[in-house]
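> give the three-dimensional model of this entry:
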Amino acid sequence: MLKIENLQIGFATPNGISPALKSVSLEIGRGETLAIVGESGSGKSVTALAITRLLPTPPAVYQSGSIMFEGRDLLAASDAELRKVRGGKIAYIFQEPSTSLNPVYSIRSQMAEMIQLHRPDVTDINAEIIRWLDAVGIVDPSTRLHDYPHQLSGGMQQRVMIAMALSARPDLLIADEPTTALDVTIQKQILDKLRELQRDLNMAVMLITHNFAIIRGLARHVAVMYRGEIVEYGETEQVLKNPQHPYTKALIACIPRLGDHRHRLPTIDSNF
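Numbering: from 1, shown residues only. Here you go, the predicted model:
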């Protein structure tokens, strides 16, 4: 469904182009989950935003490569074509729902806009919104759809974001650190619900995270990013059991374990 080949992106600075992505290549098929793992600044979010050309140009510069989605190169697509893809074919869930949801509009207003834009055939908007809020585990959705974001907990806000993204029935969902701001129990609930809905919709998911501990059982393949490059790529279980790159080994070694009394976490030499 999605195939990125040799994508290179930089950002314009007074001193020239600063590289952000260096020949990134990856692919994901329908119904599959790919995890992209790496530290802050490694290029994960730049990769995600580049897929539908959400990076502002300038300062972003698409230097080379291709982003093929369902047979078309999005780097060569017109603005009108991209508007149909964004939100409809490819939807996003971002890290912090409180900054993604508009505080002055009710949940109903925000979800209705998404459904009307991408699924104009839907006649009963309220019923469709209630159905999706119920699907993500919102209790008493017929009442909560009139709430404003500040009336919901962080976990409920993230569920609303998932409901909003999925209400357009996208082919690909890009979840960029979707549970980082949530406690561990809510993290598991959100990820379990996301996996369940993915199966129901036969939807591809790109899960972006800095946390190796959450991808086991969620993603079939994993790409490890470091300094704008994919340094390791393969089946998740194989990478977890037998990492090859020093950075991957260090990331896995940082996963906390019961009885772990270390005072320092492992690091790597940046000049490997």
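
> residue 16: neighbour count?
The tally of other residues near residue 16 (other CB atoms under 10 Å) stands at 7. Yep, even glycine has a C-beta here, placed from its N, CA and C like the rest.

> quick one: mean pLDDT over stretch 68-82.
Averaged over stretch 68-82, pLDDT sits at 91.

> what's the answer for stretch 243-252, then?
For stretch 243-252, the mean confidence score works out to 88.

> please enumerate the strands of this protein.
In the chain, the strands defined using DSSP state E lie at 2-13, 16-28, 33-37, 60-69, 72-73, 90-93, 172-176, 204-209, 221-226, 229-235.

> quick one: the longest one to chain centroid distance?
So that's strand 16-28. Distance of strand 16-28 from the chain centroid (CA atoms, centre = their mean, to the nearest Å) equals 17 Å.

> elements contacting that strand?
strand 2-13, strand 33-37, helix 44-51, strand 60-69, strand 221-226, strand 229-235 (3 or more CB pairs under 8 Å, 6 or more residues apart in numbering; DSSP states H and E).

> out of these, nearest to residue 203?
strand 33-37 (9.4 Å; CB to CB).

> tell me the strands beside the closest one, with direction?
strand 204-209 (parallel), strand 221-226 (parallel) (DSSP bridges).

> ok, back up a step: what's the closest of the strands of the chain to residue 136?
Short answer: strand 90-93, nearest of these by CB to CB, at 11.0 Å.

> just to revisit the earlier point, in TSV, list the strands of the chain along with distance to residue 128.
Converted to TSV, these look like this (distance: least, CB to CB, whole Å):
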stretch	distance to residue 128
strand 2-13	27
strand 16-28	27
strand 33-37	26
strand 60-69	26
strand 72-73	28
strand 90-93	15
strand 172-176	18
strand 204-209	22
strand 221-226	33
strand 229-235	37
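
> closest to residue 50 out of those?
Using CB to CB, the strands of the chain put strand 2-13 closest to residue 50, at 5.9 Å.

> so where's the protein shaky on pLDDT?
181, 260, 262-263, 265-266, 269-272 (pLDDT under 70).

> ok, and what's touching the lengthiest helix in it?
Using DSSP state H, we find that the single longest helix of the chain is helix 184-201. Contacts with helix 184-201, where a contact means CB atoms under 8 Å, 6 or more residues apart in numbering, come from 31, 33, 135-137, 154-155, 158-159, 162, 166, 169, 173, 175, 178-179, 182, 203, 205, 214, 218.

> among those, which ones are in helices?
135, 154-155, 158-159, 162, 166.

> buried subset of those residues as a ChimeraX selection?
Selection command for ChimeraX covering only the buried members of the ones in helices among the contacts of helix 184-201, criterion 16 or more other CB atoms under 10 Å:
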select :135,155,158,159,162,166
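
> bridging residues for the nearest residue to residue 18 once chain neighbours are set aside?
Distances taken as CB to CB, 6 or more residues apart in numbering place residue 11 nearest to residue 18, at 5.1 Å, with adjacent residues excluded. Note on residue 11: beta-bridge partners residue 18, residue 60, judged by DSSP bridges.

> pull the number of nearby residues for residue 151.
With other CB under 10 Å as criterion, residue 151 counts 12.
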